[in-house]
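[1] this one's structure only:
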């Protein structure tokens, strides 16, 4: 059996809050709190949850754009957290990211050709003429005209700029791409085009994705497995098919109930969550979700549920809830 591409164990990322005259840490934001999962070669894992639940922080921590506070990250058999900055820089050929805002992630003073040539120059992959050929091939791969090479980011639409971001991410033929809400800033009509492009590129280049989104409809379209996050923790983890057919956690059920139905006259049972998301600076005791959960009991207030398998099939269905059954 082939080993996993990515294995994450007990990953934590806390951001200190400083105060006082000397700027000493007075509290910490629990952005990612004890997250574990595995990702296979060629697989897409969808990370979904409300804004502020830690999805993007988790994705950036996996790439060490944020240094994790604790935990383990094993990528392709290698312990990423043991690598020096120089070793990590070389390894970034295999680890890339697509940012949410395609405009702010591109240097406005560089042409698209210069933006796409940069990865090859940094890693010293080819002469100037060879890099130009590679860049033009990249533009063709993501559906952009050859004349885009000499134009600047402001001359393109949001969808076209995101295609440039995707081209930059696949330039070095990585094994894993973290897609940090790559379609949330785009018009709905453009979102499907970008999603289809990402699906096609996954097949062509044998890519694996960690796809971050808050829209479960988008996640369903592209993901093999889904991890639902709430306040820095994974509360449900299973295949996309299982999640949408048999959601088990009350939070997941509420998210799925909020997906609009595009059929005239169609009705869906609403599940409105009470209250706001608690502060990650001072999370609730016991189950983090209990202040908003319709099933909460006294046990939920004092005992934190463990992520356990309730699946009846070969694929695990992990849920962090005392009353998932």
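    Here it is on my side, so go on. Computed from a predicted model, the values in this text were never measured in an experiment.

[2] okay, CA-based contacts and neighbour counts for the rest of this
    Fine.

[3] name the residues of stretch 107-115 that are buried.
    Buried residues in stretch 107-115, counted by 16 or more other C-alpha atoms under 10 Å: 111-115.

[4] do stretch 275-290 as well
    Within stretch 275-290, the residues that count as buried by 16+ other C-alpha under 10 Å are 277, 280, 283-284, 287-290.

[5] how far off centre is that stretch?
    Averaging C-alpha positions (C-alpha atoms, centre = their mean, to the nearest Å) puts stretch 275-290 22 Å from its chain's average.

[6] give me the mean pLDDT for that stretch.
    The pLDDT scores in stretch 275-290 average 88.

[7] got the contact list for it?
    By C-alpha atoms under 8 Å, 6 or more residues apart in numbering, the list of residues contacting stretch 275-290 from outside reads 27-31, 230-232, 251, 291-292, 296-297, 299-305, 321.

[8] got a PyMOL select line for the buried ones in the residues you listed?
    Buried residues within the contacts of stretch 275-290, by 16+ other C-alpha under 10 Å, are selected in PyMOL with:
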select buried, resi 29+30+31+230+231+232+251+291+292+296+300+301+304+305+321
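
[9] quick one, phi/psi of residue 208?
    phi -120, psi 140 (degrees, to the nearest 10).

[10] got it, and residue 39?
    phi -130, psi 130.

[11] again, but for the one 10 residues further on
    Reported as degrees, to the nearest 10, the phi and psi values for residue 49 are phi 160, psi 170.

[12] surely it and residue 226 touch.
    No. Contact criterion C-alpha atoms under 8 Å: residue 49 and residue 226 do not qualify, at 10.5 Å.

[13] and the contacts of the longest helix seen in the chain?
    The single longest helix within the chain, with elements called by DSSP state H, is helix 188-205. The contact list for helix 188-205, computed with C-alpha under 8 Å, 6+ apart, reads 42, 142, 159, 162-163, 173, 183-184, 207-208, 222.

[14] how about 6 Å then?
    By C-alpha atoms under 6 Å, 6 or more residues apart in numbering, the residues outside helix 188-205 that reach it are residue 183.

[15] so for it, mean pLDDT?
    Taken as a whole, helix 188-205 has a mean pLDDT of 92.

[16] following element in sequence after it, please.
    The first helix or strand that comes after helix 188-205 along the chain, using DSSP states H and E, is strand 208-213.

[17] tell me the contacts of the most centrally placed residue in the chain?
    In the chain, the residue lying closest to the centroid (C-alpha atoms, centre = their mean) is residue 212, at 2.9 Å. Contact analysis of residue 212 by C-alpha under 6 Å, 6+ apart lists 46-47, 179-181.

[18] so which of those residues sit within strands?
    46-47, 179-180 (DSSP state E).

[19] just the buried residues out of these, in PyMOL syntax.
    Here is the PyMOL command that selects the buried residues among those (16+ other C-alpha under 10 Å):
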select buried, resi 46+47+179+180
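
[20] now the strands for the stretch 151-300 of the chain?
    Ranges of strands in the stretch 151-300 of the chain, per DSSP state E, counting those that start in this stretch, are 176-180, 208-213, 225-230, 233-239.

[21] any stretches of the stretch 1-150 of the chain with poor pLDDT?
    In the prediction, the stretch 1-150 of the chain carries residues with pLDDT under 70 at positions 1-2.

[22] would you turn the strands of the stretch 151-300 of the chain into TSV with mean pLDDT and distance to residue 192?
    Shown next, in TSV, are these (pLDDT from 0 to 100; distance: least, C-alpha to C-alpha, whole Å):
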stretch	mean pLDDT	distance to residue 192
strand 176-180	96	15
strand 208-213	96	14
strand 225-230	95	19
strand 233-239	95	21
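
[23] okay, those in a markdown table with distance to residue 21 next?
    Formatted as a markdown table, the strands of the stretch 151-300 of the chain follow (distance: least, C-alpha to C-alpha, whole Å):
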| stretch | distance to residue 21 |
| --- | --- |
| strand 176-180 | 36 |
| strand 208-213 | 38 |
| strand 225-230 | 34 |
| strand 233-239 | 33 |
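
[24] and residue 273, which of the ones you listed is closest to it?
    Among the strands of the stretch 151-300 of the chain, strand 225-230 comes nearest to residue 273, with 13.2 Å by C-alpha to C-alpha.

[25] so what does that closest one touch, helix or strand wise?
    When contacts are defined as 3 or more C-alpha pairs under 6 Å, 6 or more residues apart in numbering; DSSP states H and E, strand 225-230 packs onto strand 44-48, strand 233-239.

[26] tell me which of those sits nearest to residue 96.
    That would be strand 44-48 among those, by C-alpha to C-alpha, at 14.2 Å.

[27] just checking, what packs against the closest one?
    By 3+ C-alpha pairs under 6 Å, 6+ apart, strand 44-48 packs against strand 208-213, strand 225-230.
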